[in-house]
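**Q** no letters, just coordinates:
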């Protein structure tokens, strides 16, 4: 076997890769005297330009502090967001994050460059701009011992390490090679369209605004540095003319104060769209490829509208770095596989909460139909009862509270309150509550609500178990 050049080799310098590299490089390793030598390989070290991953939830901010990378936020300039302002027709709810927590909004590319800069300052990390083309396996055992790569215009090269970590994103070309027969495959759930809007004033400054619309997916608007706002639009399908769809179907349903800046941005800026996927996590360290494992979106993806992806990735880096710090030899797969199995369970409270909430709640508020209308109406009235009713869901969405059971309880509470509203509150266009003779039909509608929330949340919760 060729002696490895590095202890750890990480492919991908997005969010998860640099965060884990920095954490491993700075951890005190009780069982090793020598510092860990790390290689971080990235196809392009130029500033990335994306329309997502620009809002870091409070739980992600806390994870960044645990990693010792909180100064990255100060270096690039961010906007603090105090919570969400949710609109639905004439209804609106202002739901702040509990206990004074705040999210941070920023330019995605600037954040990535700040993370990479911190990594490049570390003497025991080599950051290499190269395209990884394949895995190198030891011939007799098929253990991964490195990667094949090539720089632009250069000859093929090999990089070796005791342990290879693949954080190469949602389109990972190594997912199947590492996991083999996966229980789940990435499933495309729709598209997200993005637009930068200038000189916009939101109804609630320093809050992310989410608009629940009729005949169109939810829209999120939040402030970025430099007097810019990000507009994100959920698309279940690609419209024939995206610009016309926004002008005709979306803008008229938004507050009048934001319409003119959005229409101006549509004339002066390009609307971009990207597909989004759901991929439940797969346990690694057992039947997966020896010598390598997946991290970040290559392992686990969720709906982006709830902005939980970076929080999950940074929390994974926190947990993994603490576990890997106890390993004496990264070439000892028994030790590494034990860490991976433990990591799979330790990450579940946060990751499963955020994944389930993103997929199920986005599904409820993006879908149309009588059952969804009933739940949306009930949710608004539930949250409108006061802080004690929205604090728990907001704490879960923010990544502050890590509990799938609490999420299930909150979701069921909203569903049953929606049924209570159905029976006891006046319907739109009516002045009085339903009469007794209407109850049989309402009972059928209530059963449909329970069935619908089970259909929406059940498969996700099962996949996340």
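**A** Good, I have the coordinates. If you're wondering where the values come from, they're calculated on a predicted model, not measured in any experiment.
**Q** residue contacts, residue 432?
**A** For residue 432, the contact set (C-beta atoms under 8 Å, 6 or more residues apart in numbering) comprises residue 426. C-betas here are computed from N, CA, C, even on glycine.
**Q** how about it, secondary structure?
**A** coil (DSSP: H, G, I helix; E, B strand; the rest coil).
**Q** just the strands from the stretch 251-400 of the chain, written as ranges.
**A** 272-278, 292-294 (DSSP state E, counting those that start in this stretch).
**Q** out of those, which is the most enclosed?
**A** Highest mean neighbour count among those (mean count of other C-beta atoms under 10 Å): strand 292-294, with a mean of 26.
**Q** what packs against that one?
**A** With contacts defined as 3 or more C-beta pairs under 8 Å, 6 or more residues apart in numbering; DSSP states H and E, strand 292-294 has these neighbours: strand 156-166, helix 175-179.
**Q** residue 311 against residue 59, yeah?
**A** Yes. Counting by C-beta atoms under 8 Å, residue 311 does reach residue 59; the two are 4.7 Å apart.
**Q** so which residue is smack in the middle of this protein?
**A** residue 309 (1.8 Å; C-alpha atoms, centre = their mean).
**Q** pLDDT score assigned to the residue lying closest to residue 355 once chain neighbours are set aside?
**A** Distances taken as C-beta to C-beta, 6 or more residues apart in numbering put residue 302 closest to residue 355, at 4.5 Å, once the chain neighbours are dropped. pLDDT for residue 302: 96.
**Q** for residue 302, give me phi and psi.
**A** phi -150, psi 180 (degrees, to the nearest 10).
**Q** what do you get for residue 144?
**A** The phi/psi pair for residue 144 (degrees, to the nearest 10) is phi -70, psi 130.
**Q** contacting residues for it?
**A** 135, 136, 137, 164, 178, 289, 290, 291, 292.
**Q** whichever of those residues end up buried, select them in PyMOL.
**A** Of the contacts of residue 144, the buried ones can be selected in PyMOL as follows, counting by 16 or more other C-beta atoms under 10 Å:
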select buried, resi 135+136+137+164+178+289+290+291+292
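**Q** for the chain, where's the lowest mean pLDDT among helices and strands?
**A** helix 71-76 (a mean of 90; mean pLDDT, DSSP states H and E).
**Q** and the contacts of that helix?
**A** Counting by C-beta under 8 Å, 6+ apart, 56, 61, 64, 104, 106-107, 110-111, 113-115, 117-118 sit against helix 71-76.
**Q** thinking again about what came up before, ok, how many other residues are close to the residue nearest to residue 355?
**A** 26 (other C-beta atoms under 10 Å).
**Q** kindly report the same for residue 110.
**A** 19.
**Q** likewise for residue 185?
**A** 10.
**Q** correct me, but it touches residue 279?
**A** Yes. At 7.5 Å, residue 185 counts as touching residue 279 under the criterion of C-beta under 8 Å.
**Q** how about the helices in the stretch 151-300 of the chain?
**A** For the stretch 151-300 of the chain, helices defined by DSSP state H, counting those that start in this stretch occupy the ranges 175-179, 242-245, 256-268.
**Q** most tightly surrounded among those helices?
**A** That would be helix 175-179, which, of the helices of the stretch 151-300 of the chain, has the most neighbours on average (mean count of other C-beta under 10 Å), namely a mean of 19.
**Q** got TSV for the helices and strands packed on strand 292-294, with mean pLDDT and distance to residue 70 too?
**A** TSV is the format used below for these (pLDDT from 0 to 100; distance: least, C-beta to C-beta, whole Å):
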stretch	mean pLDDT	distance to residue 70
strand 156-166	96	23
helix 175-179	95	31
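**Q** nearest to residue 343, of those?
**A** strand 156-166 (11.7 Å; C-beta to C-beta).
**Q** any idea how far that closest one is from the chain center?
**A** 27 Å (C-alpha atoms, centre = their mean, to the nearest Å).
**Q** so which bits of it are buried?
**A** Buried, per 16+ other C-beta under 10 Å, within strand 156-166: 159, 160, 161, 162, 163, 164, 165, 166.
**Q** packing partners of that strand?
**A** Taking 3+ C-beta pairs under 8 Å, 6+ apart as the contact cut, strand 156-166 packs with strand 6-11, strand 38-42, strand 131-137, strand 144-150, strand 292-294.
**Q** of all those strands, which one comes closest to residue 332?
**A** Comparing these by C-beta to C-beta, strand 6-11 comes nearest, at 11.7 Å.
**Q** run the angle between the closest one and strand 156-166 for me.
**A** 90 degrees (axes from the mean of the first three to the mean of the last three C-alpha atoms, to 10 degrees).
**Q** need the helices and strands packed on strand 156-166 in a markdown table with mean pLDDT and distance to residue 454, can you?
**A** Listed next are the helices and strands packed on strand 156-166 as a markdown table, based on pLDDT from 0 to 100; distance: least, C-beta to C-beta, whole Å:
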| stretch | mean pLDDT | distance to residue 454 |
| --- | --- | --- |
| strand 6-11 | 97 | 39 |
| strand 38-42 | 98 | 43 |
| strand 131-137 | 97 | 41 |
| strand 144-150 | 96 | 41 |
| strand 292-294 | 98 | 31 |
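**Q** how about those strands in a markdown table, adding distance to residue 408?
**A** Output for the helices and strands packed on strand 156-166, formatted as a markdown table (distance: least, C-beta to C-beta, whole Å):
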| stretch | distance to residue 408 |
| --- | --- |
| strand 6-11 | 35 |
| strand 38-42 | 38 |
| strand 131-137 | 39 |
| strand 144-150 | 38 |
| strand 292-294 | 27 |
